[in-house]
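1. when you get a sec, could you give me coordinates for this:
(one chain, ligands or ions: 2)
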Amino acid sequence: MAQSVLLTGAAGRVGQAILGDLADEHEWRLMDRDPPTDDQPGEFVVGDITDDEAAREAMEGIDVVIHLAGDPRPEAPWDNVLTNNIDGTQTVFEAAADADVEKVVFASSNHAVGAYETEDRTPDMYRSHDDYLLDGTELPRPSNLYGVSKAAGESLGRYYHDEYGLSVVCVRIGNLTKDHPPIDYERGQAMWLSYRDCAHLFDRCIRADYDYEIVYGISDNDRKYYSIDRAREVLDYQPRDNSAEHIDEELAEK
Ligand SMILES: NC(=O)C1=CN([C@@H]2O[C@H](COP(=O)(O)OP(=O)(O)OC[C@H]3O[C@@H](n4cnc5c(N)ncnc54)[C@H](O)[C@@H]3O)[C@@H](O)[C@H]2O)C=CC1
Ligand SMILES: O=C1O[C@H](COP(=O)(O)O)[C@@H](O)[C@H](O)[C@H]1O
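-> Ligands and ions are numbered 1, 2, ... in the order given. Model (predicted):
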């Protein structure tokens, strides 16, 4: 059955990857502080997620929120992530709880755990022969202030699940690129998320039943050091892409 879905940050890369495949699958309300540059499905609300009133209005009649809006830059300064990623995310969760929304899908990031990539583990951990694997049960270990803001968002999700009963899934997204994995970038190949796997994963987050989850959002890459087992089990995520099918690993490692 089509669900009524609020997509924050809809005008950005992840939002457009989702809508590219799912425009006709759900009833969309799109929200972004930037107006759309071309035709978009459903209703488009221009508004800022740090504005309580705008967030509350956007939640009316919504079953599921996919919360993407925020500053996505790993090098973003504290003021920006504090306002957009932490305060903005709390505003979204609070409005969702008030509106009796059923599920919130939170766009977390690989940078919430980026500091596991220590000097002694890299670059081996980015290669398919290495079996080092993070599975989502490990503690956050952010690699920058942006990563700290994503760990804070995961924590907010935990709180709004426990206190208000919202179903929450935090997707630690890897590296989304269109058509092709990053070239000459082993880390990016290890955590590649293709556009079609991205859309499928978020579709499963809309449809599946869960309590509170942290999953990794990457394609089924040979090089992966993030497990996708939990996403498979809980969400029935069935990725179709693998960066190794696009990149000759032996050449890339030279
Ligand atoms: N693209 C990627 O590979 C990854 C993305 N993510 C996360 O996914 C989310 C989306 O990322 P992208 O689409 O790549 O970024 P993007 O910059 O392309 O899109 C973000 C959108 O959010 C909007 N936005 C930002 N602050 C806002 C606010 N206060 N109120 C309303 N709208 C606001 C922007 O106008 C923009 O359209 C972000 O939270 C990012 O941290 C996480 C890991 C990897
Ligand atoms: O969280 C994010 O991660 C990806 C991958 O990080 P990178 O440091 O390997 O580039 C990044 O491209 C994206 O902008 C960011 O939001």
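
2. stretch 25-45 spans what distance, first to last residue?
-> Stretch 25-45 has its terminal residues 19 Å apart, counting by C-alpha to C-alpha, to the nearest Å.

3. shift numbering so it begins at 37
-> OK, 37 is where the count begins now, so the last one is stretch 61-81.

4. that stretch: how far from the chain's middle?
-> 18 Å (C-alpha atoms, centre = their mean, to the nearest Å).

5. that one close to ligand 1?
-> Yes - counting by C-beta under 6 Å from any ligand atom, ligand 1 has neighbours in stretch 61-81: 68, 69, 70. Heads up, the C-betas are built off the backbone N, CA and C, glycines and all.

6. which of those residues fall in strands?
-> Counted as lying in strands by DSSP state E, out of these, are residue 68.

7. between the residues of stretch 61-81 next to ligand 1, which is nearest residue 260?
-> Using C-beta to C-beta, residue 68 comes nearest to residue 260 of the residues of stretch 61-81 next to ligand 1, at 30.7 Å.

8. how far away is that closest one from residue 110?
-> Separation of residue 68 from residue 110 (C-beta to C-beta, to the nearest Å): 21 Å.

9. residue 121 now?
-> Taking C-beta to C-beta as the measure, residue 121 falls 12 Å from residue 110.

10. those two: which is more packed in?
-> Taking neighbours as other C-beta atoms under 10 Å, residue 121 and residue 110 compare with residue 121 leading, 25 against 14.

11. so that one sits against residue 187, correct?
-> No - Residue 121 is beyond contact range of residue 187, at 10.3 Å (criterion: C-beta atoms under 8 Å).

12. circling back to that earlier point, any residues in contact with both of residue 121 and residue 110?
-> With contacts taken as C-beta atoms under 8 Å, 6 or more residues apart in numbering, the residues that reach both residue 121 and residue 110 are residue 182.

13. which single residue in the stretch 137-286 of the chain comes nearest to ligand 2?
-> Nearest residue of the stretch 137-286 of the chain to ligand 2, counting by C-beta to the nearest ligand atom: residue 145, 3.4 Å away.

14. circling back to that earlier point, what subset of the residues of stretch 61-81 next to ligand 1 is buried?
-> Buried subset of those (neighbour count, 16 or more other C-beta atoms under 10 Å): 68, 69.
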